[in-house]
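# pasting a predicted model and its sequence here:
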Amino acid sequence: MVKWKEWAPGCFALTLYTNERISIKVEVMHPGTSDVPHFHAFSTQWFLIINGIATFSHQENAHELNAGHLKTVKSCEVHSIANNSK
């Protein structure tokens, strides 16, 4: 059974595959939601914006990503993302 997990208010993740080396997820962030600045000690993350506009903060620099943009974040890099779409 497919199960979405709410990881923050209005933010949901569906894990497609996971093992000790990799985790593949689909995440949904409703408009007006965000996460807090954080880092991952051992994993690289890729963010593909499917719809809307994401404000992405990476290493203290913020910029907007539109649908179709892909952003890579290496392990130990501080980052956060917000959905400022209406």
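That came through fine. Model, not experiment: these values are computed from the prediction. Residues are numbered from 1 along each chain as shown.
# hmm, residue 64 is touching residue 53, no?
Yes: counting by CB atoms under 8 Å, residue 64 does reach residue 53; the two are 5.6 Å apart. Yep, even glycine has a C-beta here, placed from its N, CA and C like the rest.
# the more surrounded of the two?
A count of neighbours by other CB atoms under 10 Å puts residue 53 above the other of residue 64 and residue 53, at 17 against 12.
# what touches both of residue 64 and residue 53?
Common contacts of residue 64 and residue 53, defined by CB atoms under 8 Å, 6 or more residues apart in numbering, comprise residue 84.
# any low-confidence regions in the protein?
For the chain, the stretches with pLDDT under 70 are 1.
# just the strands from it, written as ranges.
Using DSSP state E, the strands assigned to the chain run over residues 5-8, 11-18, 23-29, 45-48, 53-58, 61-66, 70-73, 79-83.
# among those, which comes closest to residue 39?
Residue 39 sits nearest to strand 79-83 of all the strands of the chain, at 7.0 Å, using CB to CB.
# next, format the strands of the chain as a markdown table and append distance to residue 37.
Written out in a markdown table, the entries for these read as follows (distance: least, CB to CB, whole Å):
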| stretch | distance to residue 37 |
| --- | --- |
| strand 5-8 | 13 |
| strand 11-18 | 15 |
| strand 23-29 | 15 |
| strand 45-48 | 14 |
| strand 53-58 | 7 |
| strand 61-66 | 11 |
| strand 70-73 | 12 |
| strand 79-83 | 4 |
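# what's the closest of the ones you listed to residue 38?
With respect to residue 38, and counting by CB to CB, the nearest of these is strand 79-83 at 6.8 Å.
# who does the closest one touch, helix- and strand-wise?
Helices and strands touching strand 79-83, by 3 or more CB pairs under 8 Å, 6 or more residues apart in numbering; DSSP states H and E, are strand 23-29, strand 53-58.
# the longest one to strand 79-83, inter-axis angle?
So that's strand 23-29. With axes from the mean of the first three to the mean of the last three CA atoms, to 10 degrees as the basis, strand 23-29 and strand 79-83 are set at 40 degrees to each other.
# would you put the C-alpha positions of strand 23-29 in CSV?
Presented in CSV, the C-alpha positions along strand 23-29 are these (Å, rounded to 0.1, in the frame of the first residue of the first chain):
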residue,chain,number,x,y,z
SER,A,23,16.5,6.9,-0.7
ILE,A,24,14.2,8.0,-3.6
LYS,A,25,11.2,10.0,-2.6
VAL,A,26,8.4,12.1,-4.1
GLU,A,27,7.7,15.2,-2.0
VAL,A,28,4.8,17.6,-2.1
MET,A,29,4.9,21.0,-0.5
